[in-house]
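Colleague: Build me a model:
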Amino acid sequence: MNRNRMNPPSAFPMLVAFSILAPFASLSAEDLTARALTEKEKQRENMEFRAAICAHHLSSGLWVVGRDHQRTPEEVIAQDLAPFTSFGWQPDFQYQVDDIRKVVTVTAPDAPPRSARYTGDQGSTILPRGESDVFFSPVEVPRNLPDPSTVDWPMGDVGASFPVPPGVDSEAVAAALDWAMAQEKQNTRGLVVAYDGKIIGERYAAGWTKDTPQLSWSQGKSITATLIAILIQRGLLELDQPAPIQEWQGDARREIRIRDLLQMSSGLKFANLGFKGEKLTVENEHMRVYFDSLNVFEHAITPPAEVPPGTRNAYRNCDPLSVGKIIRDTVEAQGEDYLTFPQRALFDKIGARSPVLETDPWGNFILSGYDYLSARDWVRFGQLYLQDGVWQGERILPEGWTDFVATPAPSDKKENYGGMFYLNRPPRMAKVPKDTYWSAGFMGQVTMIIPSRKLVVVRMGPSPGNVYPYLNETIGRVLNAIPN
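Modeller: Next up, the predicted model:
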């Protein structure tokens, strides 16, 4: 069955035309025509990319998030697209949902339609213009885990919150989380606090559950770091070796180490223009992986060196995606299946059943930002780091790895970025201990790890503004309710 939705037209195209032409009123008619055509083409490209990212979000909202609870297209648009200017949704966009082929198509005015296809365990992929399918064979990703209702926490859900660890003021924790959920403008959909290995507080917005896979954005960078750590633990790679990327061996990029990539210090020339609807253009190399149908690994490794590695800290998707290519090349060189590797090597180990890691049309994980996990599975991830990379007696991450990711990158003069994790040095949150580090994603997705207080805090949901004052107050209240 096809579900077709068409929204009423608006004056948007007329306003765009006026805003384009007004700055060039003093030009000659010939110059004005040439410049207007160029600007019109840019506007057309921008609208096409807006349609593409909206098709992705609508597809994943229906069939990835919808694995846990059914959603309608109208709900996804109202909750995940229309309120946020970053994604560029406009009232006059039209969309079609093909429930049989699991394809969503969005059309912007005066622009080609763009589609995204849900492929199952690889989530949703934006298709190249004119293409009807991806260029790889999607695979099922078995969760080699029993029913969580039959297994003790943390490998399952039995006893996740009982018994309560000694010294916890449960009423004060509940009050802290109630306060946090009452801050409606933050749009928090999941909030979980684990102390000393037990969940001591948990809240979800209506319609969201402990099992709902939620878009986690750049928290995926911390997963990337964890996957390459597993390969280092296996003895297949070394943190300080030059990045084994063949295309870099003939020029200055051969000096880039895996360490540099993890610390966002590669020195590659790669533009980041920010995540705004009007910035969805080919010039925005950093964000382009989210709205264009690129081979993201080729895109990441193509830029030239701009400054020597290790001398500049710059938040750029080329670095984690280059690490992603190294992961794929290393895994496949061992004869392992790349698409199931994260579940087998990491998520099965820690009892995580919800993860959906999305790919480009060539089957490369876009693990710089297109990753969906439940709040409880992010707690499990945080616990792995809280426990120094050891899980139920098995060392999964190399000894010293948690120290590496929680240490400021030498090139970061602000000292607030480590190895694909953020740091509270100097304190971004005054009420939170300085040893705190966290995986962070766009619009306030965080998994906070606080070793000195044996605490993991997960917050999920698309916050429209700066989430850190809110987190500072929330976590501060929780800290007052647990032993020092």
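Colleague: residues in contact with stretch 298-307?
Modeller: 245, 247-248, 251-253, 256, 267-270, 285, 288-289, 317-319, 321-322, 324-325 (Cβ atoms under 8 Å, 6 or more residues apart in numbering). Quick note: C-beta positions are derived from backbone N, CA and C, even for glycine.
Colleague: element containing residue 60, please.
Modeller: Secondary structure from DSSP states H and E places residue 60 in helix 29-63.
Colleague: Counting neighbours, which of the contacts of stretch 298-307 end up buried?
Modeller: 245, 248, 253, 256, 267-268, 270, 285, 288-289, 317-319, 321-322, 324-325 (16 or more other Cβ atoms under 10 Å).
Colleague: Test my guess that residue 361 contacts residue 138.
Modeller: No: using Cβ atoms under 8 Å, residue 361 is not in contact with residue 138; the gap is 11.1 Å.
Colleague: Could you pull up phi and psi at the closest residue to residue 382 other than its chain neighbours?
Modeller: Spatial nearest neighbour of residue 382, chain neighbours left out: residue 456 (3.6 Å); criterion: Cβ to Cβ, 6 or more residues apart in numbering. Main-chain torsions, residue 456, degrees, to the nearest 10: phi -130, psi 130.
Colleague: Show me what residue 456 bridges to in the sheet.
Modeller: When assigned by DSSP bridges, residue 456 has beta-bridge partners residue 194, residue 449.
Colleague: Pull out the buried residues from stretch 154-168.
Modeller: Neighbour-count burial for stretch 154-168, counted by 16+ other Cβ under 10 Å, picks out 154-157, 160, 168.
Colleague: Which parts of the stretch 101-250 of the chain are helices?
Modeller: 170-182, 219-233 (DSSP state H, counting those that start in this stretch).
Colleague: Stretch 450-469 - what's its average pLDDT?
Modeller: Average pLDDT, stretch 450-469: 97.
Colleague: And that stretch, what's buried?
Modeller: In stretch 450-469, counting by 16+ other Cβ under 10 Å, buried: 450-451, 453, 455-463, 467-468.
Colleague: In strands only, show me those.
Modeller: Here DSSP state E is the test, and the buried residues of stretch 450-469 give 450, 455-460 as lying in strands.
Colleague: got those residues as JSON lines, with distance to residue 426 columns?
Modeller: Shown next, in JSON lines, are these (distance: Cβ to Cβ, whole Å):
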{"residue": "450", "distance to residue 426": "16"}
{"residue": "455", "distance to residue 426": "20"}
{"residue": "456", "distance to residue 426": "22"}
{"residue": "457", "distance to residue 426": "20"}
{"residue": "458", "distance to residue 426": "24"}
{"residue": "459", "distance to residue 426": "22"}
{"residue": "460", "distance to residue 426": "26"}
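Colleague: quick check, nearest of those residues to residue 235?
Modeller: For these, the residue nearest residue 235 by Cβ to Cβ is residue 456; the value is 29.0 Å.
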